[in-house]
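Novice: coords please:
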Amino acid sequence: MSAQNNKSGRLAFIDWTRGLAAVIMIQGHVFDSFTRTDLRPKSAFMLSQFLGGMPPAIFLFLTGITFAFLMDGQERRGGSGWQRTLAALKRSRYLFLIAFLFRIQLYVFGYPTSPASELLKVDILNCMGLAMLLFSPMAVFTTRERVRLCTVLGVVIAGLAPVVSMIDSSSVPALIHSYFFPTYNYFGFFPWASFLAFGMVAGSVIRLIKHEDLGRAMLWFLSIGVGLALIAYQLCNMPYSLYERSEFWLNSPALIMIKLGVVLAMLALAWLWVNMASPQRWSLFRQLGTTSLIVYWVHIELVYGRWFGLWKEAFSVRQVLLFTAILLVLMTAISIGQSRAKGIWEMLKPSPVPQPRRASGD
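Specialist: As a prediction, this is how the structure comes out:
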């Protein structure tokens, strides 16, 4: 592997997948914000938005992988069930804090035109925080047990999404509704949290297998992903349904399984690319993937903020593509800057002072 890949060991493909999702996300947001209204029914815009529906599922899935890594690490250190759960809760608290800081920054930068309701908007970071909060008790189980339990958890959440949509929510407070009910405007727990649960399954499997068996596991991921997507696609085209009412693009379990299959296949192909087909020492996707939070934060402000307000819904497809390329260059520069600043900080940090060993007779 390249020097870059060696830096993070065998898991560089996770950063690569996250970076690919970031690029897909950026193009989708740029098309959404800047494409002329008369071009939106055209194929270019429709394809852009179709692809743009994948990054949230990828980010949630990969967050589930790292969440499972955290639980497994705490288990290997011999922590008690409470200590492991507390560590998971702290990770959830961190995501919630980032989510609210993000909403506050957008509100302040958009003041006075930004509505106060934007402060409580349920974005993907809020969904991650809530899912991690509710999944934290999974830390009390072993890594092997989490494979089974989180599989069931993911299937149940996806399967209940249409049922939750059919509940009369007229008396449910708006904030609770935004966090839990399927909606086109927010990232509700149903069905989006299922991707985090399935990611925890994948992360637990990766931790259980040996290093030399990871390639074989990725081939299984690829096979399962393709098979799952094909089966789910066939099921959604059947003339009957288990649900009285279900919207494919909103709460369909079949759509969740199709996206899950695509994510599994992408993860496997990323492993193959990083470990076998990519000799370069630097990778755009890997770079963006290691700093995905700041890339997400900054590009949302630039794309949906007031910075380029005169160009909103005013670009042709070529102009949108050019703007996307320019924004990717800027995001890459910011990403590299953050990585270098972090490296300098790590070098300047004082090393921990070793504690003197006590004599055996003390």
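Novice: dump the residue contacts of the residue positioned nearest the centre of the chain.
Specialist: The central residue of the chain, meaning the one whose C-alpha is nearest the mean C-alpha position (CA atoms, centre = their mean), is Phe59 at 1.1 Å. The neighbourhood of Phe59, defined by CB atoms under 8 Å, 6 or more residues apart in numbering, consists of 18, 21, 124, 128, 292. No exception for glycine: its C-beta is placed from N, CA and C like everyone else's.
Novice: got it, and Asp168?
Specialist: Residues in contact with Asp168 (CB under 8 Å, 6+ apart): none are found.
Novice: what's the pLDDT at it?
Specialist: For Asp168, the model assigns a pLDDT of 92.
Novice: picking that back up, in helices, which of the contacts of Phe59 appear?
Specialist: Here DSSP state H is the test, and the contacts of Phe59 give 18, 21, 124, 128, 292 as lying in helices.
Novice: in TSV, list the residues you listed along with distance to Leu242, neighbour count and pLDDT.
Specialist: Compiled in TSV, the ones in helices among the contacts of Phe59 are given as follows (distance: CB to CB, whole Å; neighbours: other CB atoms under 10 Å; pLDDT from 0 to 100):
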residue	distance to Leu242	neighbour count	pLDDT
Arg18	34	26	97
Ala21	31	25	97
Ile124	28	20	96
Met128	29	27	97
Ser292	36	19	95
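Novice: helices of the stretch 51-200 of the chain, start to end?
Specialist: Secondary structure of the stretch 51-200 of the chain (DSSP state H, counting those that start in this stretch): helices located at 55-76, 81-110, 124-135, 143-165, 174-180, 189-208.
Novice: what are the C-alpha coordinates of stretch 135-150, in PDB please?
Specialist: Provided in PDB are the C-alpha atoms of stretch 135-150 (Å, rounded to 0.1, in the frame of the first residue of the first chain):
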ATOM      1  CA  PHE A 135     -27.900   2.800  20.500                       C
ATOM      2  CA  SER A 136     -25.400   3.400  23.300                       C
ATOM      3  CA  PRO A 137     -26.800   0.500  25.400                       C
ATOM      4  CA  MET A 138     -25.400  -1.800  22.700                       C
ATOM      5  CA  ALA A 139     -22.000  -1.200  24.300                       C
ATOM      6  CA  VAL A 140     -22.900  -3.600  27.200                       C
ATOM      7  CA  PHE A 141     -22.900  -6.500  24.700                       C
ATOM      8  CA  THR A 142     -19.900  -8.200  23.200                       C
ATOM      9  CA  THR A 143     -18.800  -7.300  19.600                       C
ATOM     10  CA  ARG A 144     -20.100 -10.700  18.400                       C
ATOM     11  CA  GLU A 145     -23.500 -10.100  20.000                       C
ATOM     12  CA  ARG A 146     -23.700  -6.700  18.400                       C
ATOM     13  CA  VAL A 147     -23.600  -8.200  15.000                       C
ATOM     14  CA  ARG A 148     -26.800 -10.000  15.600                       C
ATOM     15  CA  LEU A 149     -28.600  -7.400  17.700                       C
ATOM     16  CA  CYS A 150     -27.800  -4.400  15.400                       C
END
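Novice: in that stretch, which residues are buried?
Specialist: Using 16 or more other CB atoms under 10 Å as the test for burial, stretch 135-150 gives 135-136, 138-141, 143, 146-147, 149-150.
Novice: please name the nearest non-neighbouring residue to Lys121.
Specialist: Arg103 (6.1 Å; CB to CB, 6 or more residues apart in numbering).
Novice: got the contact list for that neighbour?
Specialist: Arg103 sits in contact with 118-121, 123, where contact means CB under 8 Å, 6+ apart.
Novice: also Tyr296?
Specialist: 22, 25.
Novice: so for it, what's the pLDDT?
Specialist: 97.
Novice: which secondary structure element is home to it?
Specialist: Under DSSP states H and E, the secondary-structure element containing Tyr296 is helix 292-304.
Novice: and the angle for that helix with helix 124-135?
Specialist: Our comparison of helix 292-304 with helix 124-135, counting by axes from the mean of the first three to the mean of the last three CA atoms, to 10 degrees, yields an angle of 140 degrees.
Novice: quick check: buried residues in helix 292-304?
Specialist: Neighbour counts using 16+ other CB under 10 Å place 292, 295-300, 302-303 of helix 292-304 among the buried residues.
Novice: please export the C-alpha coordinates of it as PDB.
Specialist: Extracted C-alpha coordinates of helix 292-304, given in PDB (Å, rounded to 0.1, in the frame of the first residue of the first chain):
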ATOM      1  CA  SER A 292     -15.300  15.400   6.200                       C
ATOM      2  CA  LEU A 293     -16.800  17.500   9.000                       C
ATOM      3  CA  ILE A 294     -15.200  20.800   8.100                       C
ATOM      4  CA  VAL A 295     -15.800  20.100   4.400                       C
ATOM      5  CA  TYR A 296     -19.500  19.500   5.200                       C
ATOM      6  CA  TRP A 297     -19.700  22.600   7.400                       C
ATOM      7  CA  VAL A 298     -18.000  25.100   5.100                       C
ATOM      8  CA  HIS A 299     -19.600  24.000   1.800                       C
ATOM      9  CA  ILE A 300     -23.100  24.200   3.300                       C
ATOM     10  CA  GLU A 301     -22.500  27.800   4.300                       C
ATOM     11  CA  LEU A 302     -21.000  28.600   0.800                       C
ATOM     12  CA  VAL A 303     -23.700  26.800  -1.200                       C
ATOM     13  CA  TYR A 304     -26.800  27.700   0.800                       C
END
